[in-house]
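*Asks:* what would the 3D arrangement of this be:
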Amino acid sequence: MDDKKPSAKDNRRDAANDNAADKQRALQREQDRKEPEAKGGSGGGEKQQGVQTGARAQPDELPAQHLLKPGQEADMELKPRFEAPGYQGSGKLKDMAALITGGDSGIGRAVAVLYAREGADVAIVYLSSHEDAQETKRWIEKEGRRCVLIPGDVKDPAFCKSAVESTVKEFGKLDILVNNAAFQLHAHSLEDITDERLEETFKTNIFGYIYMARAALPHLKKGASIINTGSVVGLKGNKELLDYSATKGAIHAFTMSLASSLIDKGIRVNAVAPGPVWTPLNPADRSAEEITEFGKQTDFKRPAQPEELSPAYVFLASPVCASYITGIVLPVTGSVGS
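*Replies:* Numbering: from 1, shown residues only. You can find the predicted model right below:
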């Protein structure tokens with residue numbers, strides 16, 4: 001399906017997706033101009049070691065790298081870990097069909113790989129990072145499952161409807177929707193957040209979730225599930241992520257409300273609220289100097305890797321694991337009590 005000669009419609013769609021990515025980079029440049037001058041280092045204090053409790057040690061030192069939005073995993077010096085080599089599939093999602101937005105990289109890629117390992121076919125919705133998407137597809141097919149790539153902008157409700165229809169046409173059904181696409185740009189003041197930027201953040205992060213869920217509903221049967229990616233900042237707020245935090249709080253409320261709405265249909269709706277996770281989203285938001293401290297404020301004193309989040313998405317999607325769970329926001333934040 002992905003090897004067909006592009007049509008005029010495909011070319012127009014790709015141009016629109018590129019324009020959306022260009023718009024995000026323009027917003028990024030505007031914020032870069034407002035940044036305060038970089039301050040000196042912390043004075044050479046003793047480095048804190050990241051806490052390790054998993055099957056393999058995870059990185060606790062991050063490279064000083066800044067990415068252009070929307071950020072490509074292929075360009076990252078320290079590649080996020082999504083492979084989860086110690087995770088053994090056991091058919092928890094056997095022969096199910098999943099659609100994941102923002103599935104080309106980061107948490108979305110890690111979830112896609114584990115869904116395939118658990119027996120699901122996966123459709124990947126992404127904006128314009130074709131190289132990342134192809135790599136995700138390669139890993140899904142390596143797990144022995146089918147993958148379809150669907151580039152487009154979740155801010156467009158017509159695209160969301162088309163993406164769902166393409167998934168159902170390819171796989172014959174839809175069992176799991178993972179809303180995961182996001183736009184994040186920090187600000188030092190509410191006055192820095194322009195109307196254009198506010199619209200980009202809300203339309204991507206919450207409008208897009210609602211558009212996708214609305215498009216998916218006619219195809220979801222009893223036993224299906226929707227999983228939304230929230231955030232610790234939706235639980236606790238963040239003084240430099242005012243608009244982003246507001247959208248994540250909205251996602252949490254939307255999750256609980258939709259869960260109540262769909263419980264009688266046997267469709268579960270839950271959310272995962274990650275803390276800091278090493279994905280392209282973050283070095284595409286912070287300066288090279290700032291990103292080296294990313295995640296060190298958690299009790300683990302390091303950011304999570306995507307493979308440390310993805311099992312939570314398997315758990316919530318699997319009818320054999322979470323059949324009595326709906327309307328929760330599961331925090332995976334790296335800190336005690338949040």
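
*Asks:* nearest residue to Met212 in space, please, no chain neighbours.
*Replies:* Distances taken as CB to CB, 6 or more residues apart in numbering put Cys160 closest to Met212, at 4.9 Å, once the chain neighbours are dropped. C-beta coordinates here come from the backbone N, C-alpha and C atoms, glycine included.

*Asks:* what is the burial count for the one you found?
*Replies:* 26 (other CB atoms under 10 Å).

*Asks:* residues contacting it?
*Replies:* Counting by CB atoms under 8 Å, 6 or more residues apart in numbering, Cys160 touches 154, 208, 211-212, 214-215.

*Asks:* and the pLDDT at it?
*Replies:* For Cys160, the pLDDT comes out at 98.

*Asks:* secondary structure class for it?
*Replies:* helix (DSSP: H, G, I helix; E, B strand; the rest coil).

*Asks:* tell me the spacing between it and Thr167.
*Replies:* Distance of Cys160 to Thr167, computed by CB to CB, to the nearest Å: 11 Å.

*Asks:* likewise for Lys236?
*Replies:* Distance, Lys236 to Thr167, by CB to CB: 34 Å.

*Asks:* same question, Phe159
*Replies:* From Phe159 to Thr167 the distance is 13 Å (CB to CB).

*Asks:* Ala133 too?
*Replies:* 15 Å.

*Asks:* His130: what's it in contact with?
*Replies:* Pro151.

*Asks:* more neighbours: Lys236 and Thr167, which one.
*Replies:* Higher neighbour count among Lys236 and Thr167: Thr167, with 26 against 15, using other CB under 10 Å.

*Asks:* my read: the more buried one touches Ala97, true?
*Replies:* Yes: when contacts are counted by CB atoms under 8 Å, Thr167 is listed as touching Ala97 (6.7 Å).

*Asks:* anything in contact with each of the two?
*Replies:* By CB under 8 Å, 6+ apart, the residues touching both Thr167 and Ala97 are 123, 174.

*Asks:* and the strands in the stretch 101-250 of the chain?
*Replies:* Using DSSP state E, counting those that start in this stretch, the strands of the stretch 101-250 of the chain run over residues 121-126, 147-151, 176-179, 225-229.

*Asks:* and the last one, what does it pack onto?
*Replies:* Which is strand 225-229. Strand 225-229 is packed against strand 176-179, helix 208-216, helix 242-262, strand 268-274, helix 310-317, with contacts defined by 3 or more CB pairs under 8 Å, 6 or more residues apart in numbering; DSSP states H and E.

*Asks:* next up, the contacts around Leu67.
*Replies:* 75-76, 280, 283-284.

*Asks:* residues contacting the closest residue in space to Val154 that isn't next to it in sequence?
*Replies:* Distances taken as CB to CB, 6+ apart place Gly208 nearest to Val154, at 3.3 Å, with adjacent residues excluded. By CB under 8 Å, 6+ apart, Gly208 lies in contact with 101, 154-155, 160, 179, 181.

*Asks:* now do the end-to-end distance for stretch 213-225.
*Replies:* 10 Å (CA to CA, to the nearest Å).

*Asks:* averaged pLDDT, that stretch. What do you get?
*Replies:* Stretch 213-225 carries an average pLDDT of 98.

*Asks:* give me the buried positions along it.
*Replies:* Buried positions in stretch 213-225, judged by neighbour count with 16 or more other CB atoms under 10 Å: 213, 215-217, 219-220, 224-225.

*Asks:* mind listing residues that contact that stretch?
*Replies:* Contact partners of stretch 213-225, identified using CB under 8 Å, 6+ apart, comprise 99, 157, 160-161, 163-165, 168, 173-177, 179, 226, 258, 262, 265-270, 316-317, 319, 322.

*Asks:* now do the helices in this protein.
*Replies:* Secondary structure of the chain, counting by DSSP state H: helices at 8-33, 106-117, 130-142, 157-171, 195-202, 208-216, 232-236, 242-262, 288-291, 310-317, 319-322.

*Asks:* in this structure Phe202 contacts Thr247, no?
*Replies:* Yes: Phe202 lies in contact with Thr247 (CB under 8 Å); the separation is 5.7 Å.

*Asks:* the more surrounded of those two?
*Replies:* Neighbour totals were compared for Phe202 and Thr247, and Thr247 leads with 27 against 18 (other CB under 10 Å).

*Asks:* and the closest residue in space to that one that isn't next to it in sequence, how many neighbours?
*Replies:* Excluding the flanking residues, the one nearest Thr247 by CB to CB, 6+ apart is Asn205, at 3.7 Å. Taking other CB under 10 Å as the neighbour definition, Asn205 ends up with a count of 27.
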